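Asks: Attaching a predicted model along with its sequence, questions to come.
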Amino acid sequence: MTGDADPVPPAATRDVVVRRAGAGQARSLRAGRGEALGVIGPDDGSSLDIHVNALRGDAGSGPYHRHDRSDNFFLVLDGPVRMRIAGADYDLQPGDAVHIPRGVPHAVAPAAAAPVRLIEIYAPAEPDFVDVADPQQQEET
């Protein structure tokens, strides 16, 4: 049980973790584009890594990359988001969800000059980042 989680009786709930809003650890996102607030992860005994990404409206696109060991799930909470997935662009709105299987390249960016918040889940919680060339950028050069 972590310090920010509520104690629960051991019987029948031994794997339950309750994380109060705002109690997770924050870390900077790659390229200083914003921050990720941890929700539930391996330190809590979970096989998932669940966090909320908060991107600045001027953050631009993150690196085009893939995860070879984890599927990636996103749920848009605030702001329009543009995702490049396997070379195709998707404009997403609050409430939209995306599943990206392991090995599929992708990048995330605010679609307007407004902050973005989205839930991101790695399953299993082994986020490896393998940067790959973006086919659109190669065509433009």
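Replies: That came through, no problem. Just so it is clear, the structure is predicted and the values come from calculations on it, not from any experiment.
Asks: Any chance of the backbone angles for residue 26?
Replies: phi -100, psi 140 (degrees, to the nearest 10).
Asks: for residue 32, that is, sorry about that
Replies: phi 60, psi 30.
Asks: Roughly how far does it sit from residue 127?
Replies: 18 Å (CB to CB, to the nearest Å). Where C-beta positions appear, they are placed from N, C-alpha and C, glycine not excepted.
Asks: ok, these two, which is more surrounded?
Replies: Of the pair residue 32 and residue 127, residue 127 is the one with more neighbours under other CB atoms under 10 Å, namely 14 against 9.
Asks: Check the secondary structure at that one for me.
Replies: coil (DSSP: H, G, I helix; E, B strand; the rest coil).
Asks: Pretty sure residue 49 is one of the things it touches, is it not?
Replies: Yes. Counting by CB atoms under 8 Å, residue 127 touches residue 49, with 6.0 Å between them.
Asks: Overlap of the contact sets of the two?
Replies: Residues touching both residue 127 and residue 49 (CB atoms under 8 Å, 6 or more residues apart in numbering) are residue 70.
Asks: Next, give phi and psi for residue 111.
Replies: phi -90, psi 0.
Asks: distance of it from residue 99?
Replies: From residue 111 over to residue 99 (counting by CB to CB), the distance is 19 Å.
Asks: Likewise for residue 117?
Replies: In terms of CB to CB, residue 117 sits 19 Å off from residue 99.
Asks: which parts of stretch 16-36 are buried?
Replies: 17, 19, 24, 29, 33, 34, 36 (16 or more other CB atoms under 10 Å).
Asks: Same check on stretch 112-128?
Replies: Neighbour-count burial for stretch 112-128 [16+ other CB under 10 Å]: 116, 117, 118, 120, 121, 122, 123, 125.
Asks: same question, stretch 36-55
Replies: Those would be 36-41, 44, 46, 48-55, for stretch 36-55 by 16+ other CB under 10 Å.
Asks: Over to stretch 84-94?
Replies: 84, 85, 92.
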